[in-house]
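Structure for this input, please:
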Amino acid sequence: MEPLAAAMMTGDALASPMHVGALLVFSPPPGAAEHGVDEHVDEHYVDDLYRAAVLGTDPLDPRMRRRPHIGPETLGMWTWQDVEVDLSAHLQRRILPPGLDRHASERALWQLIADLHGIPLDRRRPQWMAYLIDGLPDGRFAFYIKVHHTLVDGVAGMQMIIDGLSPDPKQRNGKHFYAAPGQPPPDERPTQRSTQRSTQRSTLSSLAGVATSSVALARSIIGGGADYLAGAVRGDSPPPLTAPFTRFNKRLGHRRAVAGGSWPLSRIRAIEDAAGAADNRVTTNRVTTNRVTTNRVTTNDVLTAVIAGALRAWLQAHDELPRRSLVGFCPVAVRIADGQPEPERGNLFGLEQCPLGTDLDDPVARLTLINRSMRWAKREVARRGSSATAVLTVPNLVPSLLLSLVPLIPKWRTGYNVPISNVRGPETDLYFNGAHLDALYPISTVFDGLGLNVTMCSYAGTVSIGYVAGRNLVPDIQTLIPMTEAALAELERAVGVVGD
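Down below sits the predicted model:
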(Lines give C-alpha, C1' and ligand atoms only; values in the text may rest on other atoms or scores of the structure.)
Protein backbone atom coordinates (compact mmCIF):
# COMPACT_ATOMS: atom_id res chain seq x y z
CA MET A 1 0.00 0.00 0.00
CA GLU A 2 0.96 3.63 -0.33
CA PRO A 3 2.22 5.04 2.99
CA LEU A 4 -0.95 7.09 3.62
CA ALA A 5 -3.21 4.10 2.92
CA ALA A 6 -1.11 1.93 5.25
CA ALA A 7 -1.37 4.56 7.98
CA MET A 8 -5.15 4.69 7.56
CA MET A 9 -5.40 0.91 7.72
CA THR A 10 -3.39 0.90 10.94
CA GLY A 11 -5.60 3.64 12.35
CA ASP A 12 -8.64 1.60 11.40
CA ALA A 13 -7.32 -1.35 13.37
CA LEU A 14 -6.37 0.70 16.42
CA ALA A 15 -9.26 3.13 16.65
CA SER A 16 -12.39 3.48 14.53
CA PRO A 17 -13.63 2.04 11.22
CA MET A 18 -12.41 4.39 8.49
CA HIS A 19 -14.93 3.75 5.75
CA VAL A 20 -17.00 6.34 3.92
CA GLY A 21 -20.57 5.78 2.86
CA ALA A 22 -23.54 7.07 0.93
CA LEU A 23 -27.28 6.60 1.19
CA LEU A 24 -29.27 6.66 -2.06
CA VAL A 25 -33.07 6.80 -1.87
CA PHE A 26 -35.06 5.76 -4.97
CA SER A 27 -38.65 5.82 -6.19
CA PRO A 28 -39.60 2.84 -8.38
CA PRO A 29 -40.58 3.49 -12.00
CA PRO A 30 -44.27 3.79 -12.89
CA GLY A 31 -45.89 0.37 -13.08
CA ALA A 32 -43.21 -1.33 -11.00
CA ALA A 33 -45.88 -2.92 -8.82
CA GLU A 34 -47.17 -4.77 -11.87
CA HIS A 35 -43.96 -5.30 -13.83
CA GLY A 36 -40.50 -6.41 -12.84
CA VAL A 37 -37.29 -5.02 -14.20
CA ASP A 38 -37.53 -7.36 -17.21
CA GLU A 39 -41.11 -6.31 -18.00
CA HIS A 40 -42.48 -9.69 -16.90
CA VAL A 41 -45.46 -9.75 -14.57
CA ASP A 42 -43.85 -9.64 -11.11
CA GLU A 43 -45.00 -7.77 -8.02
CA HIS A 44 -41.57 -7.84 -6.42
CA TYR A 45 -39.61 -5.10 -8.14
CA VAL A 46 -36.98 -4.76 -5.40
CA ASP A 47 -36.63 -8.55 -5.22
CA ASP A 48 -35.73 -8.53 -8.90
CA LEU A 49 -33.12 -5.82 -8.33
CA TYR A 50 -31.50 -7.75 -5.52
CA ARG A 51 -31.53 -11.04 -7.39
CA ALA A 52 -29.98 -9.45 -10.47
CA ALA A 53 -27.25 -7.87 -8.35
CA VAL A 54 -26.28 -11.04 -6.48
CA LEU A 55 -26.30 -13.15 -9.63
CA GLY A 56 -24.50 -10.56 -11.72
CA THR A 57 -21.54 -11.63 -13.83
CA ASP A 58 -20.07 -8.24 -14.71
CA PRO A 59 -16.33 -7.93 -13.99
CA LEU A 60 -15.59 -6.04 -10.80
CA ASP A 61 -13.69 -2.82 -10.38
CA PRO A 62 -10.13 -3.82 -9.37
CA ARG A 63 -10.47 -1.80 -6.16
CA MET A 64 -13.43 -3.94 -5.17
CA ARG A 65 -11.39 -7.15 -5.45
CA ARG A 66 -8.64 -6.24 -3.00
CA ARG A 67 -8.38 -7.17 0.65
CA PRO A 68 -5.75 -5.86 3.10
CA HIS A 69 -3.06 -8.14 4.45
CA ILE A 70 -0.09 -7.82 6.75
CA GLY A 71 2.22 -10.56 7.99
CA PRO A 72 5.79 -11.85 8.28
CA GLU A 73 5.92 -12.58 4.57
CA THR A 74 5.18 -8.90 3.81
CA LEU A 75 7.98 -7.70 6.12
CA GLY A 76 5.39 -6.12 8.39
CA MET A 77 4.00 -3.88 5.66
CA TRP A 78 0.37 -3.60 4.66
CA THR A 79 -0.29 -5.03 1.20
CA TRP A 80 -3.28 -5.63 -1.05
CA GLN A 81 -4.27 -9.14 -2.13
CA ASP A 82 -6.37 -9.63 -5.23
CA VAL A 83 -9.07 -12.23 -4.39
CA GLU A 84 -12.25 -13.74 -5.74
CA VAL A 85 -15.37 -11.93 -4.55
CA ASP A 86 -18.50 -13.63 -3.22
CA LEU A 87 -21.16 -11.06 -4.08
CA SER A 88 -23.66 -12.62 -1.69
CA ALA A 89 -21.30 -11.71 1.18
CA HIS A 90 -21.00 -8.09 0.05
CA LEU A 91 -24.59 -7.45 -1.10
CA GLN A 92 -27.16 -7.80 1.66
CA ARG A 93 -30.85 -7.09 2.06
CA ARG A 94 -32.62 -5.25 4.85
CA ILE A 95 -36.36 -4.62 5.24
CA LEU A 96 -37.79 -1.90 7.49
CA PRO A 97 -40.60 -2.79 9.92
CA PRO A 98 -43.99 -2.81 8.15
CA GLY A 99 -46.83 -0.41 8.85
CA LEU A 100 -44.74 2.69 9.57
CA ASP A 101 -45.84 6.12 8.41
CA ARG A 102 -43.42 8.32 6.47
CA HIS A 103 -41.94 10.00 9.55
CA ALA A 104 -41.48 6.75 11.47
CA SER A 105 -39.98 4.96 8.47
CA GLU A 106 -37.51 7.77 7.91
CA ARG A 107 -36.48 7.58 11.56
CA ALA A 108 -36.12 3.78 11.29
CA LEU A 109 -34.06 4.16 8.10
CA TRP A 110 -31.54 6.51 9.72
CA GLN A 111 -31.31 4.27 12.77
CA LEU A 112 -30.54 1.32 10.51
CA ILE A 113 -27.91 3.32 8.60
CA ALA A 114 -26.27 4.33 11.88
CA ASP A 115 -26.11 0.70 12.99
CA LEU A 116 -24.66 -0.45 9.67
CA HIS A 117 -22.17 2.41 9.53
CA GLY A 118 -20.74 1.43 12.92
CA ILE A 119 -19.89 -2.13 11.81
CA PRO A 120 -16.23 -2.51 10.76
CA LEU A 121 -15.52 -4.01 7.36
CA ASP A 122 -14.34 -7.61 7.46
CA ARG A 123 -10.56 -7.67 6.92
CA ARG A 124 -10.83 -11.15 5.40
CA ARG A 125 -12.73 -9.75 2.42
CA PRO A 126 -12.46 -6.77 0.04
CA GLN A 127 -13.23 -3.55 1.83
CA TRP A 128 -16.76 -2.67 0.77
CA MET A 129 -20.39 -3.53 1.52
CA ALA A 130 -23.75 -2.62 -0.03
CA TYR A 131 -27.24 -2.98 1.43
CA LEU A 132 -30.55 -2.87 -0.43
CA ILE A 133 -33.18 -1.53 1.97
CA ASP A 134 -36.87 -2.09 1.31
CA GLY A 135 -40.03 -1.04 3.11
CA LEU A 136 -40.12 2.73 2.68
CA PRO A 137 -43.54 4.32 1.98
CA ASP A 138 -44.84 4.52 -1.60
CA GLY A 139 -42.70 1.61 -2.72
CA ARG A 140 -39.46 3.52 -2.30
CA PHE A 141 -36.23 1.75 -1.46
CA ALA A 142 -32.65 2.69 -0.66
CA PHE A 143 -29.05 1.63 -1.21
CA TYR A 144 -26.52 2.12 1.55
CA ILE A 145 -22.95 1.72 0.31
CA LYS A 146 -19.75 1.84 2.35
CA VAL A 147 -16.17 1.60 1.08
CA HIS A 148 -12.92 1.87 2.99
CA HIS A 149 -11.30 5.29 2.72
CA THR A 150 -8.07 3.72 1.44
CA LEU A 151 -9.91 2.72 -1.74
CA VAL A 152 -11.85 5.90 -2.51
CA ASP A 153 -12.14 9.44 -1.27
CA GLY A 154 -15.34 11.46 -1.46
CA VAL A 155 -14.84 12.55 -5.08
CA ALA A 156 -13.83 9.10 -6.34
CA GLY A 157 -16.66 7.46 -4.43
CA MET A 158 -19.17 9.90 -5.89
CA GLN A 159 -17.90 9.20 -9.40
CA MET A 160 -18.15 5.47 -8.79
CA ILE A 161 -21.82 5.86 -7.83
CA ILE A 162 -22.64 8.19 -10.73
CA ASP A 163 -21.10 5.77 -13.22
CA GLY A 164 -23.76 3.24 -12.28
CA LEU A 165 -26.65 5.66 -12.86
CA SER A 166 -28.21 7.04 -16.03
CA PRO A 167 -30.08 10.22 -17.03
CA ASP A 168 -32.38 8.00 -19.11
CA PRO A 169 -35.36 6.62 -17.14
CA LYS A 170 -35.87 3.93 -19.80
CA GLN A 171 -32.41 2.40 -19.48
CA ARG A 172 -32.45 -1.03 -17.86
CA ASN A 173 -28.86 -2.25 -18.24
CA GLY A 174 -27.03 0.03 -15.83
CA LYS A 175 -23.99 -1.39 -14.07
CA HIS A 176 -23.61 -1.45 -10.31
CA PHE A 177 -21.12 0.80 -8.55
CA TYR A 178 -18.76 -2.10 -7.89
CA ALA A 179 -18.65 -3.23 -11.54
CA ALA A 180 -15.98 -2.25 -14.04
CA PRO A 181 -16.40 -1.75 -17.78
CA GLY A 182 -13.65 -4.28 -18.44
CA GLN A 183 -11.02 -6.47 -16.90
CA PRO A 184 -7.34 -7.01 -17.82
CA PRO A 185 -6.42 -10.30 -19.50
CA PRO A 186 -5.71 -13.19 -17.09
CA ASP A 187 -1.93 -12.91 -17.54
CA GLU A 188 -2.08 -9.22 -16.60
CA ARG A 189 -4.13 -9.60 -13.42
CA PRO A 190 -2.10 -8.93 -10.27
CA THR A 191 -1.23 -11.94 -8.14
CA GLN A 192 -0.67 -11.82 -4.38
CA ARG A 193 3.12 -11.98 -4.84
CA SER A 194 3.23 -9.37 -7.60
CA THR A 195 0.97 -7.10 -5.56
CA GLN A 196 3.36 -7.33 -2.61
CA ARG A 197 6.39 -6.61 -4.82
CA SER A 198 4.68 -3.63 -6.45
CA THR A 199 3.64 -2.33 -3.04
CA GLN A 200 7.24 -2.44 -1.81
CA ARG A 201 8.42 -0.67 -4.96
CA SER A 202 5.63 1.90 -4.56
CA THR A 203 6.68 2.56 -0.96
CA LEU A 204 10.32 3.04 -1.97
CA SER A 205 9.30 5.27 -4.87
CA SER A 206 7.15 7.40 -2.56
CA LEU A 207 10.02 7.83 -0.12
CA ALA A 208 12.38 8.70 -2.96
CA GLY A 209 9.92 11.27 -4.28
CA VAL A 210 9.65 12.88 -0.86
CA ALA A 211 13.45 13.08 -0.60
CA THR A 212 13.80 14.57 -4.07
CA SER A 213 11.32 17.35 -3.39
CA SER A 214 12.30 17.90 0.24
CA VAL A 215 14.22 21.14 -0.37
CA ALA A 216 11.38 22.85 -2.23
CA LEU A 217 8.87 21.50 0.26
CA ALA A 218 10.92 22.74 3.20
CA ARG A 219 11.02 26.24 1.70
CA SER A 220 7.25 26.24 1.27
CA ILE A 221 6.72 24.99 4.81
CA ILE A 222 9.02 27.62 6.33
CA GLY A 223 7.36 30.39 4.38
CA GLY A 224 3.95 28.96 5.03
CA GLY A 225 4.58 28.80 8.77
CA ALA A 226 5.35 32.50 8.81
CA ASP A 227 2.21 33.21 6.78
CA TYR A 228 0.11 31.13 9.16
CA LEU A 229 1.34 33.16 12.10
CA ALA A 230 0.61 36.39 10.24
CA GLY A 231 -2.84 35.06 9.28
CA ALA A 232 -3.53 34.21 12.92
CA VAL A 233 -2.58 37.74 13.98
CA ARG A 234 -4.94 39.25 11.40
CA GLY A 235 -7.73 36.84 12.35
CA ASP A 236 -7.77 35.11 8.96
CA SER A 237 -6.79 31.76 10.46
CA PRO A 238 -7.02 30.43 14.02
CA PRO A 239 -3.68 30.06 15.85
CA PRO A 240 -2.52 26.44 16.17
CA LEU A 241 -4.10 24.30 18.90
CA THR A 242 -6.56 26.99 20.01
CA ALA A 243 -9.85 25.30 19.15
CA PRO A 244 -12.06 24.94 22.23
CA PHE A 245 -12.45 21.47 23.67
CA THR A 246 -15.98 20.16 23.08
CA ARG A 247 -17.70 16.83 23.39
CA PHE A 248 -16.98 16.36 19.66
CA ASN A 249 -13.31 15.98 20.59
CA LYS A 250 -13.80 13.17 23.08
CA ARG A 251 -13.40 9.44 22.60
CA LEU A 252 -15.88 7.54 20.51
CA GLY A 253 -17.87 4.52 21.49
CA HIS A 254 -18.54 1.68 19.06
CA ARG A 255 -21.99 2.89 17.98
CA ARG A 256 -22.78 5.62 15.47
CA ALA A 257 -25.49 8.23 15.06
CA VAL A 258 -26.41 9.42 11.56
CA ALA A 259 -28.86 11.99 10.21
CA GLY A 260 -29.36 13.73 6.89
CA GLY A 261 -31.50 16.33 5.20
CA SER A 262 -31.91 17.98 1.79
CA TRP A 263 -32.58 21.59 0.81
CA PRO A 264 -33.15 23.40 -2.50
CA LEU A 265 -29.87 24.73 -3.85
CA SER A 266 -31.77 27.81 -5.00
CA ARG A 267 -32.04 28.96 -1.38
CA ILE A 268 -28.26 28.80 -0.98
CA ARG A 269 -27.68 30.64 -4.26
CA ALA A 270 -30.16 33.34 -3.27
CA ILE A 271 -28.05 34.03 -0.18
CA GLU A 272 -24.96 34.13 -2.42
CA ASP A 273 -26.61 36.78 -4.58
CA ALA A 274 -27.73 38.82 -1.61
CA ALA A 275 -24.27 38.61 -0.07
CA GLY A 276 -22.63 39.80 -3.31
CA ALA A 277 -21.84 36.47 -5.03
CA ALA A 278 -20.15 36.72 -8.40
CA ASP A 279 -22.57 34.29 -10.07
CA ASN A 280 -25.08 31.54 -9.33
CA ARG A 281 -22.86 28.55 -10.05
CA VAL A 282 -20.98 26.30 -7.67
CA THR A 283 -17.39 26.98 -8.72
CA THR A 284 -13.90 26.98 -7.32
CA ASN A 285 -11.92 30.18 -7.34
CA ARG A 286 -9.55 30.69 -10.26
CA VAL A 287 -6.00 31.62 -9.48
CA THR A 288 -3.69 33.63 -11.70
CA THR A 289 -0.02 34.14 -10.84
CA ASN A 290 -0.73 32.72 -7.39
CA ARG A 291 -3.48 35.23 -6.60
CA VAL A 292 -7.16 34.48 -6.14
CA THR A 293 -9.04 36.80 -8.49
CA THR A 294 -12.43 36.85 -6.75
CA ASN A 295 -13.34 37.71 -3.18
CA ARG A 296 -16.98 36.80 -3.54
CA VAL A 297 -19.01 34.65 -1.18
CA THR A 298 -19.30 31.09 -2.51
CA THR A 299 -21.85 28.35 -2.14
CA ASN A 300 -19.45 26.51 0.13
CA ASP A 301 -19.12 29.61 2.34
CA VAL A 302 -22.90 29.81 2.74
CA LEU A 303 -23.27 26.11 3.51
CA THR A 304 -20.44 26.25 6.04
CA ALA A 305 -22.10 29.24 7.71
CA VAL A 306 -25.41 27.36 7.87
CA ILE A 307 -23.73 24.35 9.48
CA ALA A 308 -21.95 26.68 11.91
CA GLY A 309 -25.33 28.12 12.90
CA ALA A 310 -26.77 24.65 13.45
CA LEU A 311 -23.82 23.57 15.62
CA ARG A 312 -24.07 26.79 17.61
CA ALA A 313 -27.77 26.14 18.26
CA TRP A 314 -27.12 22.51 19.24
CA LEU A 315 -24.37 23.45 21.70
CA GLN A 316 -26.57 26.22 23.15
CA ALA A 317 -29.42 23.75 23.61
CA HIS A 318 -27.05 21.53 25.62
CA ASP A 319 -25.61 24.50 27.54
CA GLU A 320 -22.16 23.71 26.09
CA LEU A 321 -21.45 26.60 23.71
CA PRO A 322 -17.79 27.61 24.26
CA ARG A 323 -16.77 31.25 24.34
CA ARG A 324 -14.19 30.66 21.61
CA SER A 325 -15.30 29.81 18.09
CA LEU A 326 -15.36 26.22 16.91
CA VAL A 327 -12.77 25.49 14.23
CA GLY A 328 -13.63 23.54 11.10
CA PHE A 329 -11.27 21.15 9.32
CA CYS A 330 -11.99 21.92 5.67
CA PRO A 331 -10.63 20.58 2.37
CA VAL A 332 -9.78 23.41 -0.03
CA ALA A 333 -9.79 23.12 -3.83
CA VAL A 334 -8.21 25.82 -5.99
CA ARG A 335 -8.17 25.93 -9.79
CA ILE A 336 -4.98 27.19 -11.40
CA ALA A 337 -5.15 29.34 -14.52
CA ASP A 338 -4.46 27.60 -17.83
CA GLY A 339 -1.59 29.96 -18.54
CA GLN A 340 0.48 28.54 -15.70
CA PRO A 341 3.22 26.01 -16.53
CA GLU A 342 3.09 22.38 -15.44
CA PRO A 343 2.86 21.10 -12.76
CA GLU A 344 1.10 24.23 -11.48
CA ARG A 345 -1.75 23.94 -13.99
CA GLY A 346 -4.97 22.21 -12.89
CA ASN A 347 -6.43 21.78 -9.41
CA LEU A 348 -4.64 22.08 -6.10
CA PHE A 349 -6.10 20.53 -2.96
CA GLY A 350 -5.25 21.37 0.59
CA LEU A 351 -6.50 21.01 4.15
CA GLU A 352 -7.08 24.16 6.15
CA GLN A 353 -8.66 25.30 9.38
CA CYS A 354 -11.58 27.69 9.32
CA PRO A 355 -13.12 29.56 12.28
CA LEU A 356 -16.86 28.89 12.24
CA GLY A 357 -17.90 32.00 14.14
CA THR A 358 -19.99 30.07 16.65
CA ASP A 359 -19.12 32.76 19.19
CA LEU A 360 -20.93 35.38 17.06
CA ASP A 361 -24.63 36.16 17.42
CA ASP A 362 -24.94 37.75 13.97
CA PRO A 363 -25.24 35.15 11.15
CA VAL A 364 -23.96 37.68 8.58
CA ALA A 365 -20.84 38.29 10.68
CA ARG A 366 -20.43 34.52 10.82
CA LEU A 367 -20.63 34.27 7.03
CA THR A 368 -18.19 37.16 6.59
CA LEU A 369 -15.66 35.52 8.90
CA ILE A 370 -15.90 32.18 7.09
CA ASN A 371 -15.58 33.83 3.68
CA ARG A 372 -12.50 35.79 4.74
CA SER A 373 -10.84 32.73 6.25
CA MET A 374 -11.53 30.50 3.25
CA ARG A 375 -10.23 33.13 0.82
CA TRP A 376 -7.01 33.27 2.83
CA ALA A 377 -6.83 29.45 2.85
CA LYS A 378 -7.20 29.29 -0.93
CA ARG A 379 -4.43 31.83 -1.39
CA GLU A 380 -2.14 29.75 0.83
CA VAL A 381 -2.89 26.55 -1.08
CA ALA A 382 -2.23 28.39 -4.35
CA ARG A 383 1.06 29.85 -3.09
CA ARG A 384 2.44 26.91 -1.12
CA GLY A 385 0.97 23.92 -2.90
CA SER A 386 -0.95 20.93 -1.61
CA SER A 387 1.95 19.15 0.12
CA ALA A 388 3.16 22.13 2.14
CA THR A 389 -0.30 23.10 3.35
CA ALA A 390 -1.01 19.49 4.32
CA VAL A 391 2.20 19.35 6.36
CA LEU A 392 1.36 22.65 8.03
CA THR A 393 -1.94 21.20 9.31
CA VAL A 394 -0.15 18.34 11.09
CA PRO A 395 0.42 20.19 14.41
CA ASN A 396 -3.32 20.78 14.64
CA LEU A 397 -4.37 17.30 13.56
CA VAL A 398 -1.84 15.05 15.31
CA PRO A 399 -3.24 15.54 18.85
CA SER A 400 -6.58 14.19 17.70
CA LEU A 401 -4.96 11.25 15.92
CA LEU A 402 -2.89 10.39 18.98
CA LEU A 403 -5.89 10.48 21.29
CA SER A 404 -6.83 6.91 20.42
CA LEU A 405 -3.31 5.69 21.22
CA VAL A 406 -2.90 7.28 24.66
CA PRO A 407 -5.14 5.88 27.42
CA LEU A 408 -6.79 7.74 30.27
CA ILE A 409 -6.62 11.25 28.81
CA PRO A 410 -9.94 12.95 29.62
CA LYS A 411 -9.18 16.23 27.85
CA TRP A 412 -6.81 17.06 25.01
CA ARG A 413 -5.76 20.31 23.38
CA THR A 414 -7.02 20.27 19.80
CA GLY A 415 -6.68 22.25 16.60
CA TYR A 416 -10.02 21.30 15.04
CA ASN A 417 -13.51 20.53 16.25
CA VAL A 418 -15.33 19.18 13.21
CA PRO A 419 -14.42 18.18 9.64
CA ILE A 420 -16.67 19.88 7.07
CA SER A 421 -16.41 18.92 3.40
CA ASN A 422 -18.40 19.45 0.22
CA VAL A 423 -18.63 16.93 -2.63
CA ARG A 424 -20.04 18.10 -5.93
CA GLY A 425 -22.62 15.65 -7.25
CA PRO A 426 -24.54 15.28 -10.51
CA GLU A 427 -26.54 18.28 -11.69
CA THR A 428 -29.34 16.37 -13.44
CA ASP A 429 -31.85 13.75 -12.33
CA LEU A 430 -30.50 10.22 -12.48
CA TYR A 431 -32.04 6.75 -12.57
CA PHE A 432 -31.05 3.19 -11.76
CA ASN A 433 -32.86 0.67 -13.97
CA GLY A 434 -35.76 3.08 -14.24
CA ALA A 435 -35.95 3.98 -10.54
CA HIS A 436 -35.55 7.70 -9.89
CA LEU A 437 -32.80 8.81 -7.50
CA ASP A 438 -34.72 11.02 -5.06
CA ALA A 439 -31.90 11.87 -2.65
CA LEU A 440 -28.18 11.27 -2.20
CA TYR A 441 -26.73 11.61 1.30
CA PRO A 442 -22.98 11.45 2.04
CA ILE A 443 -21.94 9.65 5.24
CA SER A 444 -18.31 10.07 6.19
CA THR A 445 -16.06 8.72 8.92
CA VAL A 446 -15.40 9.74 12.52
CA PHE A 447 -12.68 8.75 14.97
CA ASP A 448 -11.41 9.58 18.44
CA GLY A 449 -10.80 13.30 18.74
CA LEU A 450 -13.01 14.16 15.74
CA GLY A 451 -16.27 12.58 16.77
CA LEU A 452 -18.59 14.60 14.52
CA ASN A 453 -18.31 14.84 10.73
CA VAL A 454 -20.38 16.95 8.34
CA THR A 455 -20.38 16.27 4.60
CA MET A 456 -22.40 18.08 1.95
CA CYS A 457 -23.35 16.88 -1.53
CA SER A 458 -25.22 18.60 -4.36
CA TYR A 459 -27.59 16.73 -6.66
CA ALA A 460 -30.12 17.90 -9.26
CA GLY A 461 -30.85 21.31 -7.76
CA THR A 462 -30.64 20.18 -4.14
CA VAL A 463 -27.96 19.99 -1.50
CA SER A 464 -27.88 17.20 1.07
CA ILE A 465 -26.08 17.38 4.38
CA GLY A 466 -25.03 14.23 6.18
CA TYR A 467 -24.16 14.33 9.87
CA VAL A 468 -22.39 11.36 11.48
CA ALA A 469 -21.08 11.12 15.05
CA GLY A 470 -20.37 8.75 17.86
CA ARG A 471 -23.70 7.94 19.46
CA ASN A 472 -22.22 8.42 22.90
CA LEU A 473 -21.28 11.99 21.89
CA VAL A 474 -24.34 13.13 19.90
CA PRO A 475 -27.23 10.78 20.80
CA ASP A 476 -29.85 13.24 19.51
CA ILE A 477 -28.15 13.88 16.16
CA GLN A 478 -31.53 14.01 14.39
CA THR A 479 -32.18 17.39 16.05
CA LEU A 480 -29.42 18.87 13.88
CA ILE A 481 -31.72 18.64 10.83
CA PRO A 482 -34.39 21.12 12.07
CA MET A 483 -31.57 23.24 13.53
CA THR A 484 -29.95 23.35 10.09
CA GLU A 485 -33.23 24.54 8.59
CA ALA A 486 -33.53 27.17 11.31
CA ALA A 487 -29.95 28.35 10.67
CA LEU A 488 -30.63 28.60 6.93
CA ALA A 489 -33.83 30.57 7.51
CA GLU A 490 -32.02 32.86 9.96
CA LEU A 491 -29.32 33.62 7.39
CA GLU A 492 -31.97 34.22 4.71
CA ARG A 493 -33.69 36.79 6.89
CA ALA A 494 -30.40 38.42 7.86
CA VAL A 495 -29.37 39.05 4.23
CA GLY A 496 -32.86 40.05 3.13
CA VAL A 497 -33.89 36.85 1.34
CA VAL A 498 -37.46 35.60 1.84
CA GLY A 499 -37.40 31.85 2.50
CA ASP A 500 -39.40 29.37 0.44
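
C-alpha only now, for contacts and for neighbours.
OK.

where along the stretch 1-150 of the chain do the strands fall?
All strands of the stretch 1-150 of the chain, identified by DSSP state E, counting those that start in this stretch, fall at 19-27, 66-69, 79-82, 91-95, 128-134, 141-148.

Okay, now the sheet partners of the fourth one, with direction.
If I follow you right, that is strand 91-95. If you go by DSSP bridges, strand 91-95 pairs up with strand 128-134 (parallel).

how big is the angle separating the partner strand from strand 19-27?
30 degrees (axes from the mean of the first three to the mean of the last three Cα atoms, to 10 degrees).

So for strand 128-134, mean pLDDT?
Averaged over strand 128-134, pLDDT sits at 96.

what do you get for stretch 258-272?
For stretch 258-272, the per-residue pLDDT averages 96.

Which positions in that stretch come out as buried?
258-263, 265, 267-272 (16 or more other Cα atoms under 10 Å).

and of those, the nearest to residue 382?
Nearest to residue 382 out of the buried residues of stretch 258-272 is residue 272 (Cα to Cα; 23.5 Å).

so the closest one makes contact with residue 305?
No: the criterion here is Cα atoms under 8 Å, and residue 272 misses it with residue 305 at 11.6 Å.

which stretches of the stretch 251-400 of the chain have low pLDDT?
Within the stretch 251-400 of the chain, the stretches with pLDDT under 70 are 277-295, 333-350, 384-400.

Please read off the pLDDT at residue 471 from the model.
96.

burial count for it?
20 (other Cα atoms under 10 Å).

Give the phi and psi angles for residue 458, as a check.
With angles defined as degrees, to the nearest 10, residue 458 sits at phi -90, psi 150.

and this protein, what are its domains?
Listed by automatic domain parsing, the domain ranges of the chain are 3-199, 238-424+449-495.

just the ones you listed: most buried one?
domain 238-424+449-495 (a mean of 20; mean count of other Cα atoms under 10 Å).

For that domain, measure first residue to last.
26 Å (Cα to Cα, to the nearest Å).

Quick one: the helices in the stretch 251-400 of the chain, in order.
265-274, 299-317, 363-384, 386-392, 394-403 (DSSP state H, counting those that start in this stretch).

Adding distance to residue 458, write those helices out as a markdown table.
Formatted as a markdown table, these follow (distance: least, Cα to Cα, whole Å):
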| stretch | distance to residue 458 |
| --- | --- |
| helix 265-274 | 8 |
| helix 299-317 | 11 |
| helix 363-384 | 20 |
| helix 386-392 | 25 |
| helix 394-403 | 28 |
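
Ok, which of those comes nearest residue 115?
That would be helix 299-317 among the helices of the stretch 251-400 of the chain, by Cα to Cα, at 22.7 Å.

give the contact list for the nearest residue to residue 475 once chain neighbours are set aside.
Nearest non-adjacent residue to residue 475, counting by Cα to Cα, 6 or more residues apart in numbering: residue 257, 6.5 Å away. Contacts were defined as Cα atoms under 8 Å, 6 or more residues apart in numbering; by that measure residue 257 touches 111, 114-115, 468-471, 474-477.

Let's see which of the residues you listed end up in helices.
111, 114-115 (DSSP state H).

Thought residue 180 was touching residue 59, still the case?
Yes: with contact defined as Cα under 8 Å, residue 59 and residue 180 form a contacting pair (5.7 Å).

Identify the residues contacting the closest residue to residue 90 other than its chain neighbours.
Using Cα to Cα, 6+ apart and skipping residues adjacent in sequence, the residue nearest residue 90 is residue 129, 4.8 Å away. Going by Cα under 8 Å, 6+ apart, residue 129 touches 90-91, 121, 145-147.

Bridge partners for residue 129, pull those for me.
For residue 129, the beta-bridge partners are residue 146 (DSSP bridges).

quick one: the host helix or strand of residue 466 to strand 19-27, angle?
Residue 466 belongs to strand 462-470 when assigned by DSSP states H and E. Relative orientation of strand 462-470 and strand 19-27, computed by the same axes, to 10 degrees: 140 degrees.

which other residues reach the next helix or strand after strand 462-470?
Later in the chain than strand 462-470, the nearest helix or strand by DSSP H and E is helix 480-495. Applying Cα under 8 Å, 6+ apart, the contact partners of helix 480-495 are 259-261, 271, 274-275, 306-307, 309-311, 313-314, 363-364, 498-499.

and with 6 Å instead?
306, 309-310, 363 (Cα atoms under 6 Å, 6 or more residues apart in numbering).

which of these are the two that sit furthest away from each other?
310 and 363 (10.9 Å).

Where does pLDDT dip in the stretch 401-500 of the chain?
For the stretch 401-500 of the chain, applying pLDDT under 70 flags the ranges 401-414, 499-500.

again, 80 this time
Within the stretch 401-500 of the chain, the stretches with pLDDT under 80 are 401-415, 498-500.

and what of the stretch 101-250 of the chain?
153-155, 174, 181-241.
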